[in-house]
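Peer 1: here you go, sequence then predicted model.
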Number of protein chains: 2
Amino acid sequence: MAHERQKSIARNSLLIRSLPDHHVDILLGQAVWRSYERGETLFLQEEKAQAIHVVIDGWVKLFRMTPTGAEAVVSVFTRGESFGEAVALKNMPYPVSAEAVTTCEVMHIPSSVFLSLMRRDPEICISILASTFGHLHSLVAQLEQLKAQTGAQRVAEFLLNLSDCSDGPCEVTLPYDKMLIAGRLGMKPESLSRAFARLKDAGVTVKRNHAEISDIAQLRDYAESDPAESWSKG
Amino acid sequence: MAHERQKSIARNSLLIRSLPDHHVDILLGQAVWRSYERGETLFLQEEKAQAIHVVIDGWVKLFRMTPTGAEAVVSVFTRGESFGEAVALKNMPYPVSAEAVTTCEVMHIPSSVFLSLMRRDPEICISILASTFGHLHSLVAQLEQLKAQTGAQRVAEFLLNLSDCSDGPCEVTLPYDKMLIAGRLGMKPESLSRAFARLKDAGVTVKRNHAEISDIAQLRDYAESDPAESWSKG
DNA sequence: CGGGCGACATGACTATGGTCAAGTGGACAT
DNA sequence: ATGTCCACTTGACCATAGTCATGTCGCCCG
């Protein structure tokens, strides 16, 4: 059963916030609300999708198991973010598995509910397309990063995304453990450690799950500089 | 103006093929048909999207320019494939640029046409979501490949995707030049050369734009084997 | 026919990042 | 307190792939 706090987070999610109130009430009313413990599975790759998922609290990761058993993290979602839209509405098998990274609360909207609302009001499609586009865009950005940046630069961007200020010094808290951050950024934990070490030159100090950035602008320069130039003199 | 051959390719595209005939006729009737020369730009990153694009013939690449000027190829489309669906319907700026890789023909469907049809028949949303899901899926697959496979393995998968037979020997023609293949697979042309050289051990011979595979199954084994094991013994 | 250009191949060198192995240090339970 | 577990760090080593330089081949153009 949903408390008001949970419903309000759901209302503000990218997926739902632009819908008219009477539709939102129907969606929230028919949704399934669940808690997951750290490590619990939400669904597995190849499973048939039957719901759209909205994270209310905590963190959830999407990942793929490669044929050789290695795990590739595709994305990590938190409060207000949703996933599975396109898959659920087509009743297709998930291309990824989902697992709770921390204790978390998730709202599941059965795709049938969404589908019947869509028939009544096509505007809802646009909401879904908007979130789906968001995912598309973030995957494209990840691809660009993997192809064009070094590990340390990807870590720099990761920190920049966490920080809310736009210049000067800043502090950020790492939202989940470093093993997962490494996975999300396409590297091994050892490499992440070394990337953090390198970022010391760019004014970043990391202690526990806390990072201090001495100058946001400097870090941004580092993240976007050409890997070829200016490193030798490190 | 569209010939019948062009219209028939459009009808068979993933985006359009599941729509009812009377809608398809409207879409094809209002589409803009254009030819592009090799190197010509279809649209630029950050430009506002106003149409959905369907490739009728030739090859089109989507790519991003990084802040440092490097180019990251996101995908390469050919006959029957469409792109820009989610972006166009939200009137958002393209996250990528598009360029003709060969001389090609492209059909542009103004998003207004799609939107008005959607209001009449919500089923159309599902078609759009289906193509969008396809793109999402292929990006996820690319991410997994980049994170979990070596260059030579990615080349092997690329060849496997081109081949239509499922075992035994096989010949494939490289669909566009090696510089672009390298970009698509996230490597430099030099590395692609070396990757092809390595694949000789896996039974692949490349001459010009023609590749001979002595045994599809063997190549598949190579593509999915664990990078860590079995390589030292070259 | 010869010159030049661009795609592609190859060699030498370097750097990024994966692997393995040995630590450190915090959290938690007994 | 003390031991154990696990995340994390660090060092040594090596494979992969980027960079730079050079060389070859095919092609277009005069």
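Peer 2: Happy to help now that I have it.
Peer 1: please enumerate the helices of chain A.
Peer 2: In chain A, the helices defined using DSSP state H lie at A:4-11, A:21-30, A:85-90, A:111-120, A:123-148, A:151-162, A:178-184, A:189-199, A:216-224.
Peer 1: can you say which of the ones you listed is packed in most?
Peer 2: Comparing the helices of chain A by mean neighbour count (mean count of other Cβ atoms under 10 Å in any protein chain shown), helix A:85-90 ranks first with a mean of 24. (C-beta placed from N, C-alpha, C; glycine too.)
Peer 1: adding mean pLDDT and distance to DNA strand D, write the helices of chain A out as CSV.
Peer 2: Below are the helices of chain A laid out as CSV (pLDDT from 0 to 100; distance: least, Cβ to the nearest atom of the strand, whole Å):
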stretch, mean pLDDT, distance to DNA strand D
helix A:4-11, 93, 26
helix A:21-30, 93, 35
helix A:85-90, 89, 29
helix A:111-120, 88, 34
helix A:123-148, 88, 8
helix A:151-162, 95, 11
helix A:178-184, 96, 4
helix A:189-199, 96, 3
helix A:216-224, 92, 15
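Peer 1: make a markdown table from these and add distance to B:Leu89 to it.
Peer 2: Putting the helices of chain A into a markdown table (distance: least, Cβ to Cβ, whole Å) gives the following:
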| stretch | distance to B:Leu89 |
| --- | --- |
| helix A:4-11 | 23 |
| helix A:21-30 | 19 |
| helix A:85-90 | 13 |
| helix A:111-120 | 14 |
| helix A:123-148 | 5 |
| helix A:151-162 | 26 |
| helix A:178-184 | 29 |
| helix A:189-199 | 38 |
| helix A:216-224 | 31 |
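Peer 1: right, and these - which one's nearest B:Glu105?
Peer 2: Closest to B:Glu105 of those, according to Cβ to Cβ: helix A:123-148, at 25.0 Å.
Peer 1: just want the angle from the closest one to helix A:151-162.
Peer 2: 150 degrees (axes from the mean of the first three to the mean of the last three Cα atoms, to 10 degrees).
Peer 1: by contact count, what packs against helix A:123-148?
Peer 2: Packed against helix A:123-148 by the contact rule (3 or more Cβ pairs under 8 Å, 6 or more residues apart in numbering or on different chains; DSSP states H and E) you find strand A:71-78, helix A:85-90, helix A:111-120, helix A:151-162, strand B:71-77, helix B:85-90, helix B:123-148.
Peer 1: mind redoing it with 7 Å?
Peer 2: helix A:85-90, helix A:111-120, strand B:71-77, helix B:85-90, helix B:123-148 (3 or more Cβ pairs under 7 Å, 6 or more residues apart in numbering or on different chains; DSSP states H and E).
Peer 1: so how far is that helix from its chain's centroid?
Peer 2: On the basis of Cα atoms, centre = their mean, to the nearest Å, helix A:123-148 sits 11 Å off its chain's mean C-alpha point.
Peer 1: strand B:71-77 and that one, what's the angle between them?
Peer 2: Using the same axes, to 10 degrees: helix A:123-148 against strand B:71-77 is 130 degrees.
Peer 1: tell me if helix A:123-148 is near DNA strand C.
Peer 2: No: shown here: helix A:123-148 not in contact with DNA strand C (Cβ under 7 Å from any atom of the strand), separated by at least 9.1 Å.
Peer 1: check stretch A:31-39 too.
Peer 2: No: on the criterion Cβ under 7 Å from any atom of the strand, stretch A:31-39 is out of touch with DNA strand C, staying 12.4 Å away.
Peer 1: dump the C-alpha coordinates for that stretch into CSV.
Peer 2: Listed next in CSV are the C-alpha coordinates belonging to stretch A:31-39 (Å, rounded to 0.1, in the frame of the first residue of the first chain):
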residue,chain,number,x,y,z
ALA,A,31,0.1,0.0,-9.3
VAL,A,32,1.8,-2.7,-7.3
TRP,A,33,4.0,-1.3,-4.6
ARG,A,34,6.9,-3.5,-3.4
SER,A,35,10.1,-3.3,-1.3
TYR,A,36,13.3,-5.2,-2.3
GLU,A,37,16.4,-6.1,-0.2
ARG,A,38,19.8,-5.4,-1.5
GLY,A,39,20.7,-8.1,-4.0
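Peer 1: any idea of the mean pLDDT for it?
Peer 2: Stretch A:31-39 shows a mean pLDDT of 94.
Peer 1: what are the buried residues along that stretch?
Peer 2: If you call a residue buried by 16 or more other Cβ atoms under 10 Å in any protein chain shown, then stretch A:31-39 has these buried ones: A:31, A:33, A:36.
Peer 1: contact partners of it?
Peer 2: Under the criterion Cβ atoms under 7 Å, 6 or more residues apart in numbering or on different chains, residues A:1-2, A:6, A:42, A:99-109 lie in contact with stretch A:31-39.
Peer 1: any part of it near DNA strand D?
Peer 2: No: Stretch A:31-39 does not reach DNA strand D (Cβ under 7 Å from any atom of the strand); its nearest approach is 9.5 Å.
Peer 1: ok, back up a step: for DNA strand D, state which of the buried residues of stretch A:31-39 is nearest.
Peer 2: A:Tyr36 (17.1 Å; Cβ to the nearest atom of the strand).
Peer 1: for A:Leu219, see how far away A:Ser225 is.
Peer 2: Distance from A:Ser225 to A:Leu219, counting by Cβ to Cβ, to the nearest Å: 11 Å.
Peer 1: no no, A:Thr41
Peer 2: Using Cβ to Cβ, A:Thr41 is found at 36 Å from A:Leu219.
Peer 1: show me how chain A divides into domains.
Peer 2: As assigned by automatic domain parsing, chain A contains the domains A:4-146, A:149-224.
Peer 1: dump those domains into TSV; add distance to B:Pro169 as well.
Peer 2: Output for the domains of chain A, formatted as TSV (distance: least, Cβ to Cβ, whole Å):
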stretch	distance to B:Pro169
domain A:4-146	23
domain A:149-224	35
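Peer 1: could you say which one of those domains comes nearest to B:Leu174?
Peer 2: For those, proximity to B:Leu174 was assessed by Cβ to Cβ; domain A:4-146 is nearest, at 21.9 Å.
Peer 1: list the contacts of A:Asp215.
Peer 2: Per Cβ under 7 Å, 6+ apart, neighbours of A:Asp215: A:168-169, A:203.
Peer 1: how does it look with 10 Å?
Peer 2: Counting by Cβ atoms under 10 Å, 6 or more residues apart in numbering or on different chains, A:Asp215 touches A:167-170, A:202-204, A:221.
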